[in-house]
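*Asks:* Sharing a model that was predicted from the sequence below.
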Amino acid sequence: MEKARSLFLAANPQDTERLNLDKEVREITAKIRASEYRDSLELISVWAVRPDDLLQSLNSYKPQIVHFSGHGSAIGEIVLADSAGKAKPVSATALKKLFMALKDNIQLVILNACYSKIQAEAIAEVIDCTIGMNDQIGDEAAIIFVASFYGAIGFGRSIQEAFDQGVTALLLEGIPEEHIPELILKKDVDPYSIFLVVNSNTDRSVAISELPIRDLNQTIVLKVETGDITTFKADVIGLKYAQALFGADEAVVEVLGISEDELAGLLSRKGSNHLLSGRGKVSATSVLFINVGELFDFDYEQIRKFSADTLRILANKAPNARHLAMTIHGVGHGLDETESFRAQIAGFFDAIEAKQYPTSLKQITIVEFHPQRSQLLRFALQQAVPNGTITVSKRDIRSSRNNLDRSVQIVTAGRESREKPHIFVAIPPDEQMADVFYYGILRPVNAAGYLCEKIDTQAFTGDIFERVKQRIETAALVIAELTGGNSNVSLELGYALGRGQSVILLAQNNDKTPFDIRGQRCILYSSIRQLEESLTKALDGLTGTS
C-alpha cells in the first residue's frame, strides 16, 4: 500500500492571538488512527514555522499534502514567525513561487487560516487542489472541518469527497461556518479522481466509473431551522413573486430597500426570474426571485415545480452556491402545510435527479419563523426523508439522470395532492390559536388521513372568498373553531352549513359561542390535549388516504 505524507506547518507568533494548534494536531491524529488505512497516512508536524523552514521542510519530507495552520490577513498573507518569534507576513505571490519551485509530489495544499482563499487561488495555478478560507473562521470550526477531512482521506475517499465530509461535519455540529472553506482547483483537475490514500489494488489514475461506489457519493443535507430569513446566513435565498408580496417575500424586499414596482419590472411574466445581491442588508449573499403567477394558482404541484426551478436556475446563475435557504409556501392561502412542505422537498429531488442543480450544493435549509410550524416541519422531514439527506452517486456521472431513493410521500407530493381528501378548518387567524391548530387540530386531521387546509386572511374579498368557497365545497368535512366569535369563522361556517356540508364545531369551555350550537356536533374542551383526543375520536369513523 502506498503511503501519503502530510506536512503540518504551524505558526502562532508571540504577538498574535493564541490558536489551539495542538488540539488541531491531536484531532487530526485521532481521525487518522480511527480510519481504515491509518498505516498509509503519515502526519509530520513542524512548529513555530519561519519562512526559511518552508524550504527546509519541503525539501526534507517531500509531502503529498502541505498543511499550514495559523493566522492569515485580510490582504492575502499567511503569518509565520521571524527569528525573534514575532509575526512575519508572507504574500500570496511568495507562496506561489515557493510551490512552483518545490511542488514535487504535492497534490494538495491546505491553508487552515482566516482569509486564505487569496493565497489558495494563487497556489491553485501550480498545485492541483488547494483548500482556503474565504472569511474569518473560528478555532472550533477550523479543527472540526480539517479533522473530518483527514478522517475521510484515511478511509480512501477522494479529495472532493473528503472536502464534502468536512463541510458536512460543520453542518451536523450546527456550526454556521460551513460556507467558509473552499476547494480551489487547478484547471482541468477532477477532485473526484484524486485519492491520496488508496488500496494497493487501486490505481490513482483509475477511471471514475471504475471506482467503488462508497467513494463516489455527494451528500446534500436537508434541514429546518427556526429563524428570520432576512438574518439567516446562506449563499442564496430562494423566494417566489406571486404578482404581489406576501410574508417572507415582502420582508426580504423591505430589508433590501427595493420597491415592489421595481421588483415587478424585473419579473414581468410568469416564469421570469432575477438574482439580486444581498447588498449587505440580508445575511445571504444573493436573493433569487421567481415569478410563479397568481397566488391562488400556486398549488401543491406548482410548489413542487417552483423548488425544482429554483435549483435549475441556480445551476446557471450561481453554480458555486453551496447553501440554499427557502421558506415554506402555501401557508395561509388554503394548503396543507405538511403537504406543501413535502411538495417543496419533492421538487428538490426532481431537480437533483435531472442533474439540474449547483454541483457545489451542500445544504438546503427551510427557514421558518414560527416555532410550532418549525416543529411540525422537522417531524414531516423525518418522516419523508428519514436520514435528512439527498445522496447522489457519482456512479451516475455519465448518465443523463441521477438515480435517487425516494419515499412514497416524496413521490406523490404535488403530483397527487389534489386527489387526496381534505378537511377545511375555519379558525381565528391569530397567534393565540397557533397551539390549538398545530397540536389540537392538525395532528388528528393528518393522522386520520386528510390534508388539513385553512385560509389565514383578515378580510375576505374578491378571489380570496372564491377560494374559501371552493375549498369548503370540496372538503370531506369542515371544522369551525368558534372561540372568540371571529367574524371570518362565522362567515365560513355559515357558507358550509348553507351548502349542507358536514361540520364539527369546537369551542373552549369558558367561551360564549356567538350563536346557538345545539343540534350540531360540537366539542367543548378545556385543554389542547383534550381537544386532540376528542377530535381523534370524532374523526375515527371517517376514511382518507395520506
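*Replies:* Perfect, thanks for sending it.
*Asks:* Quickly list the domain ranges of the chain.
*Replies:* Per the record, the chain has its domains at 4-211, 224-417, 420-538, by automatic domain parsing.
*Asks:* Dump the ones you listed to TSV, plus distance to Gln218 and mean neighbour count.
*Replies:* The C-beta positions use only the backbone N, C-alpha and C, and glycine is treated the same way. Putting the domains of the chain into TSV (distance: least, CB to CB, whole Å; neighbours: other CB atoms under 10 Å) gives the following:
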stretch	distance to Gln218	mean neighbour count
domain 4-211	6	19
domain 224-417	4	19
domain 420-538	33	17
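*Asks:* could you dump these to a markdown table with mean pLDDT?
*Replies:* Output for these, formatted as a markdown table (pLDDT from 0 to 100):
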| stretch | mean pLDDT |
| --- | --- |
| domain 4-211 | 89 |
| domain 224-417 | 89 |
| domain 420-538 | 86 |
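*Asks:* What segments of the stretch 51-200 of the chain are strands?
*Replies:* 65-69, 71-73, 77-81, 87-91, 108-112, 129-133, 181-185 (DSSP state E, counting those that start in this stretch).
*Asks:* list the helices and strands the second one packs on?
*Replies:* Based on contacts counted as 3 or more CB pairs under 8 Å, 6 or more residues apart in numbering; DSSP states H and E, the elements that strand 71-73 packs against are strand 77-81.
*Asks:* next one: phi and psi at Arg304?
*Replies:* Dihedral pair for Arg304: phi -60, psi -40, per degrees, to the nearest 10.
*Asks:* one step back: would you reformat the strands of the stretch 51-200 of the chain as a markdown table and include distance to Leu482?
*Replies:* Converted to a markdown table, the strands of the stretch 51-200 of the chain look like this (distance: least, CB to CB, whole Å):
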| stretch | distance to Leu482 |
| --- | --- |
| strand 65-69 | 65 |
| strand 71-73 | 64 |
| strand 77-81 | 69 |
| strand 87-91 | 72 |
| strand 108-112 | 62 |
| strand 129-133 | 58 |
| strand 181-185 | 55 |
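*Asks:* closest one to Arg529 among those strands?
*Replies:* strand 181-185 (46.7 Å; CB to CB).
*Asks:* Give me the angle between that closest one and strand 129-133.
*Replies:* Orientation check (axes from the mean of the first three to the mean of the last three CA atoms, to 10 degrees): strand 181-185 against strand 129-133 gives 150 degrees.
*Asks:* Show me what strand 181-185 is packed against.
*Replies:* helix 117-123, strand 129-133, helix 159-172.
*Asks:* was I right about Phe369 contacting Thr226?
*Replies:* Yes - the pair Phe369 / Thr226 is scored as a contact, 7.3 Å apart, by CB atoms under 8 Å.
*Asks:* list the contacts for the residue nearest to Ala475 when sequence neighbours are not counted?
*Replies:* Nearest residue to Ala475, sequence neighbours excluded (CB to CB, 6 or more residues apart in numbering): Phe424, at 4.1 Å. Contact analysis of Phe424 by CB atoms under 8 Å, 6 or more residues apart in numbering lists 453-454, 471-472, 475, 477-479, 492, 496.
*Asks:* now Phe424, what's its secondary structure?
*Replies:* strand (DSSP: H, G, I helix; E, B strand; the rest coil).
*Asks:* which residues does Leu275 bridge with?
*Replies:* Leu288 (DSSP bridges).
*Asks:* Oops, could you answer that again for Thr130 instead?
*Replies:* Judged by DSSP bridges, the bridge partners of Thr130 are Val109, Ile184.
*Asks:* which residues does it contact?
*Replies:* 108-111, 120-121, 123-124, 183-185.
*Asks:* Which of these sits closest to Phe341?
*Replies:* The closest of the contacts of Thr130 to Phe341 turns out to be Leu183 (CB to CB; 31.8 Å).
*Asks:* Give me the nearest residue to that closest one, chain neighbours excluded.
*Replies:* That would be Phe163: by CB to CB, 6+ apart, it lies 4.7 Å from Leu183.
*Asks:* was I right about that neighbour contacting Leu185?
*Replies:* No - using CB under 8 Å, Phe163 makes no contact with Leu185, being 10.5 Å away.
*Asks:* residues shared between the contacts of these two?
*Replies:* Pro191.
*Asks:* correct me, but Lys233 touches Ser283?
*Replies:* Yes - counting by CB under 8 Å, Lys233 touches Ser283, with 4.5 Å between them.
*Asks:* okay if I get the helices and strands packed on strand 181-185 as CSV plus distance to Thr29?
*Replies:* Formatted as CSV, these follow (distance: least, CB to CB, whole Å):
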stretch, distance to Thr29
helix 117-123, 24
strand 129-133, 19
helix 159-172, 16
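*Asks:* Select, out of those, the one closest to Leu524.
*Replies:* Here helix 159-172 is closest among those (CB to CB), at 46.3 Å.
*Asks:* Residues touching the closest one, excluding its own?
*Replies:* Outside helix 159-172, the residues that touch it by CB under 8 Å, 6+ apart are 107-108, 129, 131, 141, 144-153, 157, 177-178, 181, 183, 191-192, 194-196, 215-219, 221, 223, 322, 362-363.
*Asks:* what does stretch 21-41 give?
*Replies:* By CB under 8 Å, 6+ apart, stretch 21-41 touches 1-4, 6, 8, 10, 12, 43, 45, 47, 69-70, 112, 142-144, 146-148, 150-151, 153-156, 196-199.
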